[in-house]
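**Q** predicted structure and sequence below. I'll ask about it afterward.
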Amino acid sequence: MEWREAEKKACEYLRSLGYLIVARNWRWRGGEVDIIAKDGTTLVFVEVKARSGTGFGHPAEVVDARKREKILMAAKAFLGPNTGRMPVRFDVIFLLGGEISHLKGAFMEGD
């Protein structure tokens with residue numbers, strides 16, 4: 001599955017749960033966040049990983065410590081002076097074949 005299609009499906013999935021999509025592919029000089037969404041009052045930074053099979057490993061294996069750190073830094077850049085003023089969560093959505101898995105609170109700052 002192409003990454004744009006995976007992100008589109010992830011957005012559709014999140015919307016079906018009542019999330020409001022705030023931004024897609026938000027970039028800054030140090031990295032990118034695939035999806036930024038609101039789940040009630042919580043701002044959620046979502047990493048999307050897709051694979052057609054497990055021949056190259058499970059999508060979860062790609063979200064390593066280095067990738068988590070980049071997402072955390074991007075979140076701080078996005079929030080700017082509002083850092084610490086609203087609830088924030090870091091989720092990962094995995095698309096494996098046709099199945100979607102959503103890991104809420106996949107990591108936190110300091111993991």
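**A** Yep, that arrived.
**Q** for Ala37, give me its contacts.
**A** Taking Cβ atoms under 8 Å, 6 or more residues apart in numbering, we find Ala37 in contact with Leu14, Tyr19, Leu20, Ile21, Val22, Leu43, Val44, Val46. To be clear about C-beta, it is placed using only N, CA and C from the backbone, and glycine gets the same treatment.
**Q** go with 6 Å
**A** Leu14, Tyr19, Ile21, Val22, Val44 (Cβ atoms under 6 Å, 6 or more residues apart in numbering).
**Q** which of the residues you listed fall within helices?
**A** Leu14 (DSSP state H).
**Q** centroid residue for the protein?
**A** Val46 (1.4 Å; Cα atoms, centre = their mean).
**Q** the helix or strand hosting that one: which residues count as buried?
**A** Using DSSP states H and E, Val46 sits within strand 42-51. Applying a neighbour-count criterion of 16 or more other Cβ atoms under 10 Å, one finds Leu43, Val44, Phe45, Val46, Glu47, Val48, Lys49, Ala50, Arg51 buried in strand 42-51.
**Q** so where is the protein shaky, pLDDT-wise?
**A** For the chain, applying pLDDT under 70 flags the ranges 1, 52-62, 109-111.
**Q** repeat that for 90
**A** In the predicted model of the chain, residues 1-6, 27-32, 49-72, 76, 79-86, 95-99, 106-111 satisfy pLDDT under 90.
**Q** farthest pair in the buried residues of strand 42-51?
**A** Leu43 and Arg51 (27.2 Å; Cβ to Cβ).
**Q** so the residue nearest to the residue nearest to the centre of the chain when sequence neighbours are not counted: helix, strand or coil?
**A** The shortest distance from Val46 to any non-neighbouring residue, by Cβ to Cβ, 6 or more residues apart in numbering, is to Ile35 (4.0 Å). Secondary structure, DSSP: H, G, I helix; E, B strand; the rest coil: Ile35 is strand.
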